[in-house]
Every structure is written in structure tokens, then in C-alpha cells.
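1. The following comprises the amino acid sequence and a computationally predicted model.
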Amino acid sequence: MADSNFYLGRLVDAKTAKPTNTPVEYDPADLTTHAVVTGMTGSGKTGLCVALLEEAALQNVPAIIIDPKGDLTNLLLHFPNLLPQDFQPWIDPEMERRTGKSMEEIADEASTAWGNGLKEWGIGEERLLALQNAAQFAIYTPGSDSGIPVSVLSSLAAPDLDWESNREVLRERISSTVTALLGLVGMNDLDPIRSREHILLSNIFEFHWSEGNDLDLTELILQTQTPPFANLGAFPVDTFFPPKDRMELAMVLNNILAAPAFETWREGESLDIKAMLFTPEGKPRHSIFYLAHLSDGERMFFVTLLLSAVETWMRTQTGSTSLRALLYMDEIYGYLPPTAVPPSKGPLLRMLKQARAFGLGLLLATQNPVDMDYKALSNTGTWFIGKLQTERDKNRLLDGLESAAGGIPRAAMDKLISSLGKRVFVMHNVHEKMPVLMQTRWTMNFLAGPMTRAQIPALNQLVNAVAAPHTAPAPASAFESHSQASAFCGCPAACHDSIILSTCNFSRGSKPCRSISRSSTCNQSSIVNRQSSIRWQYDQTHHPGRHSRIFPPAELQPARSLPICAALHALTSHDPGCDLSPVTACFCASEITRP
């Protein structure tokens with residue numbers, strides 16, 4: 001067996017349906033043309049996929065693993081010493097009731113069974129230790145702090161790609177991101193060409209990303225009300241999308257930020273694909289994204305953002321004929337359907353067509369062979385077909401495989417699929433002369449079954465997986481901003497009854513302004529980007545009973561009403577290329593009189 005090949009199992013004699021002693025080896029470079037694994041529940045599909053990922057780790061191939069059900073968390077359960085006490089914490093407690101045995105007895109049996117299985121398949125302790133040390137494993141839990149949390153807001157930041165040379169790619173990412181975001185608030189099946197909501201948000205993204213500027217969700221919501229451009233197409237913004245309707249959209253999007261459950265989506269590591277594929281020292285990582293706790297809409301939202309981030313990382317790589325990284329999806333049902341166009345479909349289609357050139361392999365699994373876009377999968381070089389549920393499933397798969405793979409011997413394939421048992425698969429590889437029948441090897445990791453969210457912390461602790469330190473500075477609170485201004489102007493730091501004023505002072509010229517000045521009050525951002533727009537906001541940190549109010553310009557008479565105790569200072573967000581001079585001032589509330 002070549003050390004550089006994946007060891008997947010042994011050939012099965014089609015006549016006797018029994019495994020032979022001939023090992024099945026798979027060239028990892030073949031995965032650059034992607035692979036699909038299909039089979040019903042109990043067919044051994046998860047075991048085959050775990051074996052593929054184990055072999056990838058042993059070959060120093062990093063992986064992004066999308067786990068909707070919790071099965072792939074078993075990748076962290078490697079016990080090279082095969083001690084019963086290592087197995088016991090991960091055995092289903094229900095086994096004790098069902099079998100009438102103690103947990104110690106069940107763990108001892110599991111340990112013995114795993115040891116015997118590994119011995120039968122020629123896998124020794126050396127290989128088990130090699131797997132344990134081959135890669136760094138970690139479980140991420142977007143929308144939850146059970147595992148390593150993930151900040152989805154980082155996905156709104158401008159990708160590290162030149163706009164001019166990657167305009168088409170970035171516009172596709174914008175479209176996918178906006179579709180996913182609108183889907184999160186219940187706006188599904190939108191046409192990016194006909195939906196004014198999609199068009200408005202896409203233009204806001206493009207406005208910022210084309211200049212290399214980041215965008216966050218707060219800014220996106222507020223700029224939905226006051227867009228940083230005057231026209232959309234031939235019409236003024238207010239004609240294309242009236243202010244009242246834009247406010248309704250902004251309010252719907254604001255529900256995402258306002259919902260307490262969304263707070264965990266704003267915290268954690270950013271979707272930095274390079275950092276999730278390699279440690280700072282260059283060691284490969286297998287990053288598992290556990291999604292079992294999410295709703296369907298949340299799952300689609302996150303998967304789309306993750307796929308888009310992977311695609312962007314891919315395009316920063318040089319060409320490669322070898323397998324550089326793996327993207328694994330444990331269930332593609334709903335993400336790549338034949339007729340519908342969910343936001344996940346775009347990035348999947350593009351990567352299936354183009355990822356080969358960058359050395360990125362896609363490994364896609366499903367137990368539902370009916371609802372797959374076989375035309376999209378025509379770029380898939382390897383098919384692993386396990387036992388199927390119904391004759392309809394088999395016929396649909398044969399139809400799709402015939403159109404996707406082309407030239408398959410349908411009658412022979414039909415006969416092979418009909419004879420499949422547990423852990424027996426047909427492997428159709430376009431790089432080989434004909435399909436083979438194989439039985440999958442014993443997995444080196446303990447297959448304990450799907451894990452719950454409550455078990456994730458212990459799993460990460462098992463492999464010493466911790467979140468990377470977050471170094472981004474937090475925005476200053478209202479009181480901190482006031483204290484800084486007070487120190488500058490001599491206003492007493494104890495003056496908590498403060499008002500923060502943000503104003504845009506336009507100099508001569510008619511150039512549209514895209515700068516945004518921010519004033520943080522009560523941990524909220526106040527964004528002003530319209531001429532003659534001034535927002536007064538009372539600091540409610542110590543006085544929660546007070547109310548915020550926006551004063552129209554006509555009410556402001558600075559000569560009469562504003563004895564200033566603080567000096568003006570330029571905001572750091574000022575854009576030198578814009579005809580705008582944003583300024584901030586701090587005032588003691590006790591000295592302010594209204595006109």
C-alpha cells in the first residue's frame with residue numbers, strides 16, 4: 001500500500017459478496033475533481049466519510065467540515081491506547097438500560113470490539129498515534145457558545161480581493177450574502193434582478209466593498225434607511241424604494257440585532273478560512289462546524305456565508321494539481337436542489353466547476369439521492385454509492401449518474417447497487433477504468449453516534465481546542481467617549497449627564513459623501529450621513545429614564561443655546577477623499593439650553 005494513498009477498505013468479490021484481502025487505495029489527487037457519497041441511514045456512509053477524513057489528516061490535508069447532525073464530532077474521539085475508561089464518557093447512557101449491563105461493562109466491550117476491528121483491518125497503534133498528532137481538531141458552534149463561537153458579522157467585511165480584477169466573483173458573493181441575510185428574516189425565493197430589497201442591499205455592499213471598506217450589520221441597517229448613494233439605476237433612491245418602505249425593511253433587519261438569541265452570532269472567531277485550515281505554525285486543522293442546534297433558516301444563512309468565505313480564500317491561492325484542502329458537507333439535501341435556487345447553491349456550483357484548479361476538493365454526502373442537482377454534479381469525479389432505501393432512489397441515482405458521469409454501464413451498475421450490504425459501496429472513479437465493489441475499513445475514531453450540544457465543551461476539552469484570542473479592540477462606550485472628550489476640554493469626568501453630538505459639516509462642492517461618523521451611546525452606534533442631519537442622544541447609562549430625541553436643524557441656534565465646555569475633535573472615520581468634515585463635541589447637559 002502506497003503511503004501517499006488513502007486506505008479506504010478492501011475489494012469485495014461481486015460473486016460471493018465477501019471481502020477479499022486486496023486493499024482499496026485512493027489517490028488523494030482524485031479528490032480535486034470532488035466526490036459524492038450517498039447511502040441510506042445504516043449503510044455505513046458516515047463511517048466511509050470519517051475514514052476519508054482520517055486519511056486526509058494523515059496526509060496533512062486540512063479540512064472544513066460542515067456537520068448538520070452532529071455525527072462528525074466523532075472525529076475527535078481517537079483513543080490510541082484503547083482504554084475502556086476513554087470510551088465510557090461517550091457511550092449513550094441509554095445502553096445501560098437497554099442491555100441491563102453496567103457502563104463499565106459496556107465500555108469494556110466497546111474497547112475490545114474497537115481493538116479487534118482495527119486489528120482485523122491491519123491498523124496498529126502507530127497509525128492511531130499518527131492520526132492523533134496529524135492535525136488540530138476543533139468544533140465550532142455558530143449561534144452558540146457550547147463550542148468555539150463564530151462571529152458571522154465578520155462575513156460582512158470586505159474580502160481581501162482586488163475589486164477590479166475580481167469584480168464578478170465579489171458580486172456573486174454579495175448576491176449570496178444578501179440572499180442569505182434576507183432569508184434569515186423570512187424573505188425567501190427572491191429574484192436578485194426583481195427584488196428591490198435585494199438590489200438595495202447589494203448596492204450598499206458594493207458601494208463599500210468596491211472601495212475596500214468593511215461593513216457591519218448595524219451600518220447596513222442604518223444605511224438601508226439613508227443609502228450612501230443618490231440613485232439606483234435611472235431613478236432616485238426615494239423613487240425606486242420610498243423611505244417608508246425602506247424603514248420597514250430596516251426594522252425587519254433590525255430584529256436580527258435586537259433578538260437576544262443573536263448576541264452569540266456577534267461574538268467569537270471570524271470566518272478566517274486560512275486560520276481555520278492551518279495553525280500559525282502551519283499545522284493542518286480539521287475545523288468542524290456543528291449546526292444541529294440551528295433552525296433551517298439559520299443553517300442556510302451560516303452555510304452560505306461559510307461557503308462564500310471558502311470560495312474567497314480559494315481564489316487567493318495559486319494553482320495546484322495536488323489536494324490542498326477539503327471541504328466536506330455531511331448532508332447536501334436542500335443546499336444543491338435540482339430546480340430551486342437557495343443562496344448556498346451559487347457558491348457550491350462555482351466551486352464544483354472551478355475549485356480543481358486551486359487544489360480544493362469538495363466531498364459531499366447525502367442520504368437523499370432524489371433531491372440532488374445531478375447536472376451540477378457532472379464535475380464530480382468520484383461516486384461512492386451505498387445501500388439505498390427504495391427502488392425509486394436507485395433509479396433516480398442511476399439516471400443522474402448516467403447524465404453526470406456519462407458512459408457508465410447502467411445494467412452492471414444496477415446489479416451492483418442492488419446487491420449492496422452494510423459498509424459495502426460501489427466506487428465509480430472517472431480516473432479508473434471501471435467501478436469497483438468495496439467494503440469500508442474500520443474507522444480509527446470511535447463512532448459513538450451524534451453528539452448533543454451539551455457534549456461539545458467536553459469534546460473540545462478532549463483535544464485541547466480553544467478559541468483563538470480575540471485582539472480586535474472593542475468600541476468605546478458612551479461614558480468612555482465622554483471621558484476622553486472631557487480630558488481634552490477640561491469638562492469634569494464626573495459629568496455623566498452628557499450629550500454626544502455628531503454632525504456632518506459639508507465644505508464647498510457637491511461630491512456625494514460616503515463617510516460615516518459614529519457616536520457610541522449606551523453601546524449603540526448613531527450613524528449620520530445626510531447633509532444638515534444632527535442627532536442628539538442622551539447618555540442613558542446612568543439615567544435610563546431619559547429619552548433620545550433628534551432635533552431638526554431649524555431648532556439649533558448655537559450662538560444662544562450651546563455654551564460649549566468641550567473642544568471639537570475630528571472623528572477617526574473621516575474620509576479625506578470626501579467633501580465632509582465630521583466633528584464630535586461633548587457638552588455638559590446642565591449648561592445646555594434649548595432655543
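-> Cool, got the structure.
2. roughly how far apart are Leu388 and Val37?
-> Relative to Val37, Leu388 is positioned 12 Å away (criterion: CB to CB, to the nearest Å). The C-beta positions use only the backbone N, C-alpha and C, and glycine is treated the same way.
3. who's more crowded, those two?
-> When Leu388 is set against Val37 and neighbours are counted by other CB atoms under 10 Å, the residue ahead is Val37, at 25 against 22.
4. OK, contacts around the more buried one?
-> For Val37, the residues meeting the contact criterion (CB atoms under 8 Å, 6 or more residues apart in numbering) are 45, 48-49, 363-366, 384, 386, 425.
5. ok, and the most crowded of these?
-> Neighbour counts for the contacts of Val37 peak at Phe425, which has 30 neighbours (criterion: other CB under 10 Å).
6. Surely Pro450 and Ala292 touch.
-> Yes. Shown here, Pro450 and Ala292 form a contact pair, counting by CB atoms under 8 Å, at 7.1 Å.
7. which SS state does the spatially most central residue of the chain fall under?
-> For the chain, the residue whose C-alpha lies nearest the mean C-alpha position (CA atoms, centre = their mean) is Leu306; its distance is 2.8 Å. State at Leu306, reduced to three classes by DSSP: H, G, I helix; E, B strand; the rest coil: helix.
8. Okay, it and Ile256: tell me how far apart.
-> Here the criterion is CB to CB. By it, Leu306 lies 18 Å from Ile256.
9. Please apply the same query to Pro236.
-> As defined by CB to CB, Pro236 lies at a distance of 28 Å from Ile256.
10. Looking at those two, which is more packed in?
-> It is Ile256, of Pro236 and Ile256, that has more neighbours when counted by other CB under 10 Å, with 18 against 11.
11. Please name the residues that touch the more buried one.
-> By CB under 8 Å, 6+ apart, Ile256 lies in contact with 184-185, 217, 262.
12. same check, this time on Tyr140
-> Applying CB under 8 Å, 6+ apart as the definition, the contact partners of Tyr140 turn out to be 147-150, 268-269, 276, 287-290.
13. cutoff 6 Å now
-> 147-148, 150, 289 (CB atoms under 6 Å, 6 or more residues apart in numbering).
14. And these, which two are furthest apart?
-> Ile148 and Phe289 (9.8 Å; CB to CB).
15. where in the stretch 301-450 of the chain is pLDDT low?
-> Per-residue confidence for the stretch 301-450 of the chain (pLDDT under 70) gives these ranges: 404-408.
16. Spatially, what comes nearest to Glu311 if we skip its sequence neighbours?
-> Setting aside the residues directly before and after it, Glu311 is nearest to Pro347 in space (CB to CB, 6 or more residues apart in numbering), at 4.9 Å.
17. Which phi and psi values does the one you found adopt?
-> In this entry, Pro347 is assigned phi and psi values of phi -60, psi -30 (degrees, to the nearest 10).
18. separation between it and Thr440?
-> When Pro347 is compared with Thr440 (using CB to CB), they lie 30 Å apart.
19. Check which residues of the helix or strand harbouring Leu8 are buried.
-> Taking DSSP states H and E as the definition, one finds Leu8 inside strand 6-13. The neighbour-count check on strand 6-13 (16 or more other CB atoms under 10 Å) flags 6-12 as buried.
20. Tell me which two in the residues you listed are the farthest apart.
-> Farthest pair in those (CB to CB) is Phe6 and Val12. Separation: 17.5 Å.
21. Flag the shaky bits of the chain, pLDDT-wise.
-> Residues of the chain meeting the criterion pLDDT under 70: 1-2, 154, 404-408, 468-595.
22. Which residues are in contact with each of Pro450 and Ala292?
-> Shared between the contact lists of Pro450 and Ala292 (criterion: CB under 6 Å, 6+ apart) are residues 69-70.
23. Compute the distance between the closest residue to Thr304 other than its chain neighbours and Leu76, please.
-> Closest residue to Thr304 in three dimensions, ignoring its sequence neighbours and counting by CB to CB, 6+ apart: Ala180, at 3.8 Å. Distance of Ala180 to Leu76, computed by CB to CB: 28 Å.
24. buried residues in stretch 423-438?
-> Buried residues in stretch 423-438, defined by neighbour count with 16+ other CB under 10 Å: 423-429, 435-438.
25. out of the residues you listed, which are inside helices?
-> When DSSP state H defines the helices, the subset of the buried residues of stretch 423-438 inside them is empty.
26. could I get those residues as JSON lines with distance to Ala29?
-> JSON lines is the format used below for these (distance: CB to CB, whole Å):
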{"residue": "Arg423", "distance to Ala29": "25"}
{"residue": "Val424", "distance to Ala29": "25"}
{"residue": "Phe425", "distance to Ala29": "20"}
{"residue": "Val426", "distance to Ala29": "21"}
{"residue": "Met427", "distance to Ala29": "16"}
{"residue": "His428", "distance to Ala29": "17"}
{"residue": "Asn429", "distance to Ala29": "12"}
{"residue": "Pro435", "distance to Ala29": "19"}
{"residue": "Val436", "distance to Ala29": "18"}
{"residue": "Leu437", "distance to Ala29": "23"}
{"residue": "Met438", "distance to Ala29": "19"}
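27. Return the member of those nearest to Pro343.
-> Out of those, the member with the shortest distance to Pro343 (by CB to CB) is His428, at 30.2 Å.
28. so who does the closest one touch?
-> Residues in contact with His428, defined by CB under 6 Å, 6+ apart, are 383, 435.
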